[in-house]
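*Asks:* sequence-free structure coming up:
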C-alpha cells in the first residue's frame, strides 16, 4: 500500500520532541529553574518564564481523560484509516496531552502508558496504549506505532 | 508582589450602539474578507445616512483577512481613521470589539467606530486555517488525525458527557431550538430547512459524540455595528442600545485537565452587579455556539444554571424565541446561520432584538440582552471568555 505522509507543519520546537525519543519512552521539556514540565513544547517556561527548558525523560504513566473516534479528517493520510482513535491524557499529573490511542473501549480514569515516537513524517507524536502493552524497548514501541499505521508499511 | 485585587470595570455610560447589520452568509464566496467588511460598512452607512467621512474609527475581526489588516482597509476604503483596532480573539471578538470601541468613545479617541467581523470561505480555506491555527495546534493537535477544531471539541464534549451525564438528546434540544429560530431568520444559511430531534439523532457521525448538526459550518459573511456617543445618536435620530456591563478573561482555569468551564464564572458577579441585574432579568441571550457544549458552558458560567446542570436546564427550559423560557440564539445561532466573523453575530442579534427589528423571530418586549463570547482553541481549550449586558436606554443601572 502506498501510504501518504502524515501532515507535518510543526514548529522547530515540536520537531525537537522527535529527537531522542527512540532511546527513552517519553521525553518532555522541563524547566531547569523551577522544575515545571511543559507541553506542548515551547521556548519559555509557562510557570517562571525561564528559557532554560531541557528535554528530560518523563514518567510514561498517564491517565485517560477522554477519547473519541474521529470519523472525518482534513488530510488524506488519515481518511484512509478512519475511524481514528485520539485521546486526551494526563501526563506527570499536571499536563494534558492529545495523543494517538491504540486501545478501544477505554473508560475515563484508566491508567495508560504514553510514549513519544516519530511518525512517518518525522514529527514526534505521542502514543497512548493500555498498561498491559509492553513499551520498555524501542523495538516494542516502534512495533506499536507501525501496527497503528503511523510508519511506512513494511 | 502577588496577584492584585481585581478592580471592577468602570461603567460604559454615554456609549450608544446603533445600526446592527448583516451581510447575508453564503457557504463559499470568491469575494475577499475585505469585500465583506466594506460591504457591511456601506450597509451601515446606507441605513443610517451617515457619510463615510464621519467614521473615524474601525475595529475588525477576521480569520481570512490576511495578508491585509485593518490598516490596509483604510486604504481600500478611502478612509482616514484616527483609531484602529483588530481583535484576534475568535468567537469572543465581537464582544471584545464592542468593549474596546466603547472605551475609545468614552475616552474621546474617536466619535464613530465601525465594528465589523467578517470572513470569506473557499473550499480549501478552512483546511488552511485549521492546519496553521497556532504553533501549539500545529505541533500537538493537528498531527493527531487532522480533524481541525472537531478534535479538541469532541474531547471536551465527551468529557462533559462523562462528567455530568449529558446525552446527545440534550445537545439536540439546543440545536433543534436554534433551527426553529433560524426558520424565522431570512439570513440563516440553514434557515430554510427544518430540523427535528429525530433528524438530529440520526445524523452522520463526525468525531466521537459530535455528529453533523453539532458542528458549525464555516462560511462567508459579515456582521457589524456602529459605536458612538449617546448625544451623537440622538442628534442623528438613530435608535440606539446601551452597554450596562461587559467583561472578559483569558486562559482561566488553565489547570483543569479538560475544559469544563470558562472565565465567565470569574467575572459574572461583577457583571451582574454593575448592571444592577440578575440572570433572571435577562430577556434574551446569545451564546457563542461553535458546538452545543460550548453554549452549555456559557449558560452555566453566566449563572443561568449551576455548573454541570445545563443538560437538565435544557430539558426543562425552552430556548426558542417564543417558547416562554429563555430565548437563546434567537437568530438560529451559528449552528443554523453559519460561522463567519468571529462572534459579531451574537452582538448583532442582541442589538436587533433590543431595537425590536427582528421581524418574525422578535422576542416581545425584549429590553435587556446578554451576549457572550468564547474563542481561540489555541491548543485543547478555548482561551477567551467574554460577555456583555446590553439594554434599551433607560433600562438598568448604568444609563
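*Replies:* That came through fine. Computed from a prediction, not measured in an experiment: that's the story for all the values here. Numbering: from 1, shown residues only, chains lettered A, B, ... in the order given.

*Asks:* only C-alpha atoms from now on, for both contacts and neighbour counts.
*Replies:* Noted.

*Asks:* now check stretch A:51-71, is it near chain B?
*Replies:* Yes. Remark: stretch A:51-71 sits within contact range of chain B at A:65, A:66, A:67, A:68, A:69, A:70, A:71, by Cα under 8 Å from any Cα of the partner chain.

*Asks:* got a winner among these for most neighbours?
*Replies:* Counting neighbours by other Cα atoms under 10 Å in any protein chain shown, residue A:67 comes out on top of the residues of stretch A:51-71 next to chain B with 29 neighbours.

*Asks:* follow-up on the earlier one: in strands only, show me the residues of stretch A:51-71 next to chain B.
*Replies:* With strands taken from DSSP state E, the overlap with the residues of stretch A:51-71 next to chain B comprises A:65, A:66, A:67, A:68, A:69, A:70.

*Asks:* OK, contacts around the residue of the stretch 251-399 of chain B found nearest chain A?
*Replies:* Closest residue of the stretch 251-399 of chain B to chain A, Cα to the nearest Cα: residue B:257 (5.9 Å). Neighbouring residues of residue B:257 by Cα atoms under 8 Å, 6 or more residues apart in numbering or on different chains: A:65, A:90, A:94, A:95, A:96.

*Asks:* farthest-separated two in the residues you listed?
*Replies:* Comparing every pair within the contacts of residue B:257 by Cα to Cα identifies A:65 and A:94 as the most remote, at 12.5 Å.

*Asks:* spell out which parts of chain A neighbour chain B.
*Replies:* A:6-11, A:14, A:40-41, A:65-75, A:78, A:84, A:86-88, A:90, A:94-100, A:108, A:125.

*Asks:* restrict these to the buried ones and give me that as a ChimeraX selection.
*Replies:* Buried members of the residues of chain A next to chain B can be picked out in ChimeraX with the line below, counting by 16 or more other Cα atoms under 10 Å in any protein chain shown:
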select /A:6,7,8,9,10,11,14,40,41,65,66,67,68,69,70,71,72,73,74,75,78,84,86,87,88,90,95,96,97,98,99,100,108,125
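
*Asks:* from the residues of chain A next to chain B, which ones fall inside strands?
*Replies:* Per DSSP E, the residues of chain A next to chain B map to strands at A:65-70, A:84, A:86-88, A:90, A:95-100, A:125.

*Asks:* if you rank every helix and strand of chain A by mean pLDDT, what lands last?
*Replies:* Ranked by mean pLDDT, DSSP states H and E, the weakest helix or strand in chain A is helix A:12-16, scoring a mean of 64.

*Asks:* make JSON lines from the residues of stretch A:51-71 next to chain B and add pLDDT and distance to residue B:269 to it.
*Replies:* Supplementary listing: these in JSON lines, determined by pLDDT from 0 to 100; distance: Cα to Cα, whole Å:
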{"residue": "A:65", "pLDDT": "98", "distance to residue B:269": "31"}
{"residue": "A:66", "pLDDT": "97", "distance to residue B:269": "31"}
{"residue": "A:67", "pLDDT": "96", "distance to residue B:269": "34"}
{"residue": "A:68", "pLDDT": "97", "distance to residue B:269": "35"}
{"residue": "A:69", "pLDDT": "97", "distance to residue B:269": "39"}
{"residue": "A:70", "pLDDT": "97", "distance to residue B:269": "39"}
{"residue": "A:71", "pLDDT": "96", "distance to residue B:269": "41"}
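
*Asks:* let's have those residues in TSV, adding distance to residue B:184.
*Replies:* What follows is the residues of stretch A:51-71 next to chain B, written out as TSV (distance: Cα to Cα, whole Å):
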residue	distance to residue B:184
A:65	40
A:66	38
A:67	37
A:68	35
A:69	35
A:70	34
A:71	32
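
*Asks:* between those, which is nearest residue B:298?
*Replies:* residue A:66 (21.0 Å).

*Asks:* I'd say residue B:18 and residue B:234 touch.
*Replies:* No. With contacts defined as Cα atoms under 8 Å, residue B:18 does not count as touching residue B:234, sitting 10.6 Å away.

*Asks:* now the helices for chain B?
*Replies:* Under the criterion DSSP state H, chain B contains helices at B:33-48, B:70-76, B:93-107, B:125-131, B:135-140, B:150-164, B:168-182, B:197-202, B:230-236, B:264-275, B:292-301, B:310-316, B:333-337, B:344-354.

*Asks:* is residue B:245 bridged to anything, and to what?
*Replies:* In this structure, residue B:245 bridges to residue B:389 when assessed by DSSP bridges.

*Asks:* pLDDT at it, what is it?
*Replies:* At residue B:245, the pLDDT value in this model is 98.

*Asks:* list the contacts for it?
*Replies:* When contacts are counted by Cα under 8 Å, 6+ apart, residue B:245 touches B:11, B:12, B:271, B:272, B:274, B:275, B:388, B:389, B:390.
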